Structure formats: structure tokens, C-alpha cells
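Participant: show me the folded form of this:
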Amino acid sequence: MNLVSLTFLIFCVITIFIYFVIPKKYQWIILLISSLIFLFYNNLNIGTIIQALIVLLSTYISGILIDKNLQTKKAKHVLITGILIIVGLLIYLKYTNLFLESLNQIFNLFHIDYKFNLVYRNSLIGISYYSLIMISYLIDIYRGAYKVQKNIFKLALFMSYFPILSSGPFIRYNDIEKNLYGNHKFNYERICNGLLRICWGLFKILVISIRIGYFVDTVYSNLTTFYGFFTIIAALLFTLQLYTNFSGSIDVIMGISEIIGIELPENFNIPFFSKTITEFWRNWHITLGAWLKDYIFYPLLKSNMMQSLNTKCKKLFGKKVGKKIPLYLSMLIMWIIIGMWHGGSYNFIVGSGLLQFIFIFFEDILEPIVVKINKKLGFNMNVFSYRLYQMIRTYLLFSFSMIFFRAESVSKAVRIIRSMIIINNPKILLKSFFNAGLDAPDFLVLLVAIGILFIVEILSIKGSVRKQLSKQNIIFRWTIIYILIFSIIIFGCYGAGYDAATFIYQQF
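Facilitator: Numbering: from 1, shown residues only. Here you go, the predicted model:
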């Protein structure tokens, strides 16, 4: 059930209608039923039911036992066991082939005449999301952040709340508990604001993202025909496709939750105005970054192993350099995990993990040198032109890394990069440009839509555009909503050429 499908729209309307009609004390039960329907809609079988039950029961039982033995060593053992069960299932379902492929490559390197057959297993939608959510739930109980949830059905709702399963954001139990299980009245303002956000999200996905996808897919699948400037433009556009697809889905999710009365954490904060990759990742997939920092990076950095390494490195290399080594090592591990979370193949590990670490590493190392060089050359680093250069540089670096994210493999990504070096004949470029998935009217629509997106992003710097609109008269507000709706209907990409699989983040 795709977020931009008519089926999902009808499903949400029915859910919201029943949610506000029934007695308020049963509202959370409606959300649970709807979430289970969404969870198993496309993939209901014994295997998927067992997957969900393993995660739910292991979390529920571990949480109860941790809470009962909070002041003893047994709590830590239970915590580790609960986490290992969830992580083990996730690895089994998503990363078995990565392990088998690695073994096959090693065997091939040593000329061993044996090859493992790859296996294909069905996993539930959102397993990467709800697995991490449940792990953080157990860790927070162990830390004493909140009391354990003793109602297994309420815990099941926290695990499977349907809007977030396709693309997040990551939720924390203590942040959402009251809203998720609380009573909510029908509220006109919430309906208007939520509907506006849903429309804006659909505009991003159907008018911009899917349209860019036609161009990118055509270029990347025909590198012998489309190379040079074509592949460069495709790489630059894919970053925008990914952003409008992902942030658009988040807007739909946030809008639905706002109508219901459930507040979710923001996941984006105008990332393309970031001046460094470090800043970019503070504004892109914010909740994933926060999760990894709180539950992977900081615990790892404070671990006995890293503290011991810190002491040794300071003695060997001095305090200034020595303290950086455990920091970078912890960062490297975190970024590898980020890459693996995005998918069980090396192109994700490289594109979403290792390259991001390399960029951030060199940003940190080279920053003092760059500042000194700019001072000597007399460059003013506090002017718009320099900030614009930094934003463009950040966009280019991220776009380069996303070549690996988009490609089916590392070798395909390398072929794409090589094809960029071949220079097109300008006449061929102009002649073939409108044969690469989009015609001239489509490109015109795309340019106008991107311009609207850019204007809204600039306005967002001063605060929420929706909040600014909420202060306007009702006629103006509904005019904006109707404009968005008709823009989606007239210029949206769907029908015979529409492929729901282009909803990128649903695969994670």
C-alpha cells in the first residue's frame, strides 16, 4: 500500500473517520487495527507473522524483565539478549546475501571452485524502522528513562504505527506515548494544516520526484547512449529526486498524524542550504542521525575499549591528535552501520556510509588549513558568495556519493562515474536531451515546480510556511490548498507510466 496510491488515501479517510466517530477511549485500538492491516497488506503469510511476533514478544518480555531487575546485572543480560534477537532477525532477513556475496568474492580471489547460492526472503515493510525503534525502547527502559509498557497491544501500536512504517521518522516512546494512546477531538485547524502538508508532500512526489525519476532511470539504464553531460545532470537531479521523494513522504506522514492529533518529530530542515556535509546530515533524516548518536556513537565513544584507546593514543601522539583517533573510529563504525541500514549491498555501504565519513573526516582535518589559506588570500568567509560556494560544494559532494546509492552495485556506480568523463558533442546533447525520458513540456513543468520548491524552502528559513498561512484568511488558505490539489491532478505523474516502486525509501 503505497503512500501516494488511491488505496492508501481511501484507507486513511476510513481510518480517520472511524477514529473520530467511536468513543475516545477506543481510538488507540482503531490505530492498532489500521496499523496491522497496513503492515500485512501486501505480505501476509506465516513467515511475516512470525517476524512481527519475534520482534514484539522479545521486546515485550525483555522490557518486563529489565524493569523487574533494573538494579541488578540480570537487567543488562536481558537487554543484550533482547537486542541480539531483534538485530539477529534483521541481519538474517536483510544481510544474508551480503555475507554470501562476500564469501563468494573471497573464494573467487583465492580461486576456490565453490559458490554460495543467494537466498531471497520476504520481510515486512518497515522492518528496519521498527527494529531500531524497539531497540531504543529497551535501552531507554534499561536507562530508567520511563516505565515499561505492560499492555502488549499498546506496545504493538508503538511498534507498528502505520504512517511511519514506510519512511519514518524515528519515534521515541516517551515523546509519543501520550499522543499515541491519548484521546483526540476533531479539530478543524488540524484538518486544514494536515491537509495542506499532505498536498505539499504529494506535490513534491508526483510533480517533481517521479518526473525526475523518468530522466534518471532512462540515463542510468542506457549509458552507451546517454553519457557525459547526461550522467552529470542525472546525478545532480537524483539528489533532488531523493529529497523530494523522501521529504514528500514525510510531509504526507506528518499531515496524516497531524489530522489525527499525533505529533511526530521533524525529519528535514532545509538541508540544501547546508555549508558542510556535517551540517547537511544534521538537517537530513534528522531522527535517524539522532538515534544513531544516542544509541551507537556516544555509547561506543564512552565504552571502556574507546576510553582505553584514547589514553594510549594520547601517550603516543599527544593530546590534540590522540583524542581524535577514538572519535574518528567511532564515527567510522557509525557510518558503516548507517550504510548497512540503508541496504544489504556494498553500494549502500559506500554511498550512504564510507563516503559520508570520508567527507566529514576531511572537513574536520582541513578546516583550520582552509581558514588560514583564506585569511592569507584575503577571502571574506562571512559573505553570501562564499556561503553560496559552500552550499554548492556540499550539494556536489552529496550528489557524487548518491551515485553509489542509486546504482545497483559498486561496479555500476564506477561505470556511471567513468561515463561522466566522456565529453558530449553539444549538438548531440541538445538533439537527444528531450529523448531522455522527458519531453520539453515535462521539463518546463519540472523547472517551474523546482522553482516553487526553492521559494518555499527560502521562506522556511524564517519559520514554518504553514504557520504563516494559518494566520491568513480562510479563503486564501483554501485557495492555496485547491491550487496544490489541481496542480497534482493536472501535472502529477501517474497512470500507465507510473511505478509505485519509485517511492524510494519504502524499500528500507
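Participant: give me the below-cutoff pLDDT ranges for the stretch 351-500 of the chain.
Facilitator: Low-confidence segments of the stretch 351-500 of the chain, defined by pLDDT under 70: 424-431, 494-500.
Participant: give me the domain ranges for this protein.
Facilitator: If you go by automatic domain parsing, the domain ranges for the chain are 6-186, 187-264+408-508, 274-406.
Participant: tabulate the ones you listed in TSV, adding columns for mean neighbour count.
Facilitator: Just so you know, the C-beta spots here come from the backbone N, C-alpha and C atoms, and that holds for glycine as well. Converted to TSV, the domains of the chain look like this (neighbours: other CB atoms under 10 Å):
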stretch	mean neighbour count
domain 6-186	16
domain 187-264+408-508	17
domain 274-406	16
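Participant: how far does stretch 209-228 stretch from start to finish?
Facilitator: End-to-end distance of stretch 209-228 (CA to CA, to the nearest Å): 22 Å.
Participant: got the phi and psi for F268?
Facilitator: When read as degrees, to the nearest 10, the backbone of F268 gives phi -140, psi 150.
Participant: what helix or strand is the nearest residue to it once chain neighbours are set aside located in?
Facilitator: Among residues not flanking F268 along the chain, S247 sits closest, at 4.8 Å (CB to CB, 6 or more residues apart in numbering). Using DSSP states H and E, S247 sits in helix 229-260.
Participant: equivalent analysis for K150, please.
Facilitator: For K150, there is no enclosing helix or strand under DSSP H and E.
Participant: ok, for it, nearest residue in space, not its chain neighbours?
Facilitator: For K150, ignoring the flanking residues on the chain, the nearest one in space by CB to CB, 6+ apart is I64 at 7.0 Å.
Participant: chain center to the helix or strand harbouring that neighbour, what's the gap?
Facilitator: Secondary structure from DSSP H and E places I64 in helix 46-68. Relative to the chain's own centre, helix 46-68 is displaced by 25 Å; criterion: CA atoms, centre = their mean, to the nearest Å.
Participant: which residues are in contact with it?
Facilitator: Residues outside helix 46-68 that contact it (CB atoms under 8 Å, 6 or more residues apart in numbering): 39-40, 74-75, 78-79, 81-82, 85-86, 89, 93, 121-124, 127, 130-131, 134, 137-138, 141-142, 147-150, 152, 155-156, 159-160.
Participant: sitting in strands, which of the residues you listed do you find?
Facilitator: Secondary structure defined by DSSP state E assigns none of these to strands.
Participant: tell me which of those residues fall in helices.
Facilitator: 39-40, 74-75, 78-79, 81-82, 85-86, 89, 93, 127, 130-131, 134, 137-138, 141-142, 152, 155-156, 159-160 (DSSP state H).
Participant: what about stretch 101-119, how long is it end to end?
Facilitator: 11 Å.
Participant: which sections of this protein are below the confidence cut-off?
Facilitator: Flagging of the chain using pLDDT under 70 yields the residue ranges 424-431, 494-508.
Participant: state the helix or strand in which the residue of it positioned farthest from its centre lies.
Facilitator: Relative to the mean C-alpha coordinate of the chain, counting by CA atoms, centre = their mean, the farthest residue is K376 (40.6 Å). According to DSSP H and E, K376 maps onto helix 355-377.
Participant: now what about that helix, what contacts it?
Facilitator: Where contact means CB under 8 Å, 6+ apart, the residues beyond helix 355-377 that reach it are 276-278, 281, 328, 331-332, 335-336, 338, 381, 397, 400-401, 404.
Participant: same thing but at 7 Å, please
Facilitator: With contact meaning CB atoms under 7 Å, 6 or more residues apart in numbering, helix 355-377 is reached by T276, I277, T278, W281, Y328, M331, L332, W335, M381, L397, S401, F404.
Participant: farthest-separated two in the residues you listed?
Facilitator: Greatest spacing in the contacts of helix 355-377, by CB to CB: M381 and F404 (30.8 Å).
Participant: so how far is stretch 216-223 off the chain centroid?
Facilitator: Relative to the mean C-alpha coordinate of its chain, stretch 216-223 is positioned 24 Å out (CA atoms, centre = their mean).
Participant: take that stretch, keep the C-alpha atoms, and write them as PDB.
Facilitator: As requested, the backbone C-alpha atoms of stretch 216-223 are provided in PDB (Å, rounded to 0.1, in the frame of the first residue of the first chain):
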ATOM      1  CA  VAL A 216      17.400   9.500 -14.200                       C
ATOM      2  CA  ASP A 217      16.200   5.900 -15.000                       C
ATOM      3  CA  THR A 218      16.500   6.500 -18.800                       C
ATOM      4  CA  VAL A 219      20.100   7.800 -18.500                       C
ATOM      5  CA  TYR A 220      21.400   5.300 -16.000                       C
ATOM      6  CA  SER A 221      19.900   2.300 -17.900                       C
ATOM      7  CA  ASN A 222      21.400   3.500 -21.300                       C
ATOM      8  CA  LEU A 223      24.900   4.600 -20.500                       C
END
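Participant: what's it in contact with?
Facilitator: By CB under 7 Å, 6+ apart, stretch 216-223 touches 226, 230-231, 234, 237-238, 241, 406, 415-416, 419, 436-437.
Participant: and if you look at stretch 196-208?
Facilitator: 4, 244-245, 247-249, 251-252, 254-256, 258, 446, 449-450, 453, 466, 469, 480-481, 484-485, 487-488, 491-494.
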